Every structure is written in C-alpha cells, then in structure tokens.
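> the sequence and its predicted three-dimensional model are supplied below.
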Amino acid sequence: MANKKPQECTSMEDVRQEIDRLDEQLVKLIGERFTYVDMAWKFKENPEDATVPWRIQQVIERVRGHAEQEGVPPRLIEALWRQMIGWFIQYEEEKLDAKRQEK
C-alpha cells in the first residue's frame with residue numbers, strides 16, 4: 001500500500017494507517033539516535049559528565065530551527081526533545097555510575 005498524503009486520506013482508517021507508518025519510522029530513528037547515546041557515555045568518566053548544558057542548548061536551538069523550517073510548532077519539538085534528552089541523560093548517569101562502581 002502506497003503512502004498517502006494527509007489530503008489524500010478519505011477516512012479515519014487512512015489517517016490512522018499513516019500515523020502508524022510514521023510512528024514506526026520515528027521509533028527506528030529514535031532507536032538509531034539511542035545507539036549514539038549508548039556510545040557517548042563510554043567516552044565519559046563520571047555521572048556528572050552526562051549533563052552538558054551548552055550541548056543541550058545547542059541541540060534544542062538546532063531542532064527548533066528545523067521545526068520552524070518544516071512548519072512544525074517549535075514548542076512541540078522542544079518539549080519532545082527535552083523529554084528525550086532527559087531520559088538519555090538519566091540513562092548515561094546510570095551507566096556511568098555503574099562504570100565508576102566497577103573501579
């Protein structure tokens with residue numbers, strides 16, 4: 001079945017199928033992003049190193065810019081990214097804490 005543009009959807013079922021298709025792609029992309037986060041903590045030493053405020057701000061500004069270019073509400077994208085970044089920071093902190101305890 002071919003992808004449909006929003007204006008090509010003729011039923012709620014069409015809309016839901018396209019949302020499900022996009023959700024699958026988003027999960028794959030977030031999974032790919034996670035593989036890099038999973039590598040990043042290995043280059044750090046302490047749980048405190050997981051939070052890098054300047055980098056967080058840089059990422060937020062970059063994704064807000066992409067959102068504006070794509071006509072997506074920047075506040076939505078910022079909220080999603082801050083949630084995701086928070087989860088990734090917690091993940092890194094846990095990994096780094098375990099790494100420190102092994103020493």
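All right, it came through fine.
> can we go C-alpha only for contacts and neighbour counts from here?
Noted.
> can you give me the helices in this protein?
12-40, 53-70, 74-102 (DSSP state H).
> got the contact list for the shortest one?
The set of residues that contact helix 53-70 without belonging to it, under CA atoms under 8 Å, 6 or more residues apart in numbering, is Pro73, Pro74, Arg75, Ile77, Glu78, Trp81, Arg82, Ile85.
> not counting sequence-adjacent ones, nearest residue to the first one?
Put plainly, it is Pro73. Ala67 (6.4 Å; CA to CA, 6 or more residues apart in numbering).
> tell me how far that neighbour lies from Tyr91.
Look at Ala67 and Tyr91: by CA to CA, to the nearest Å, they are 26 Å apart.
> quick check, pLDDT for the nearest residue to Asp14 once chain neighbours are set aside.
Excluding the flanking residues, the one nearest Asp14 by CA to CA, 6+ apart is Lys4, at 7.9 Å. Here, the pLDDT recorded for Lys4 equals 95.
> for Glu68, same thing?
98.
> quick one: pLDDT of the closest residue to Pro47 other than its chain neighbours?
Counting by CA to CA, 6+ apart, Pro47 lies nearest to Glu93, which is 4.3 Å off, once chain neighbours are set aside. Looking at Glu93, its pLDDT reads 97.
> burial count for Glu93?
For Glu93, the neighbour count with other CA atoms under 10 Å is 21.
> any idea how far Met12 lies from Lys5?
On the measure of CA to CA, Met12 and Lys5 end up 13 Å apart.
> now distance to Pro47 too, for the helices of the chain, in JSON lines please.
What follows is the helices of the chain, written out as JSON lines (distance: least, CA to CA, whole Å):
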{"stretch": "helix 12-40", "distance to Pro47": "12"}
{"stretch": "helix 53-70", "distance to Pro47": "14"}
{"stretch": "helix 74-102", "distance to Pro47": "4"}
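> my guess is the residue nearest to Asp14 contacts Glu18. True?
Yes. Using CA atoms under 8 Å, Lys4 is in contact with Glu18, at 6.9 Å.
> what is the burial count for Ala98?
Ala98 - counted by other CA under 10 Å - has 13 other residues nearby.
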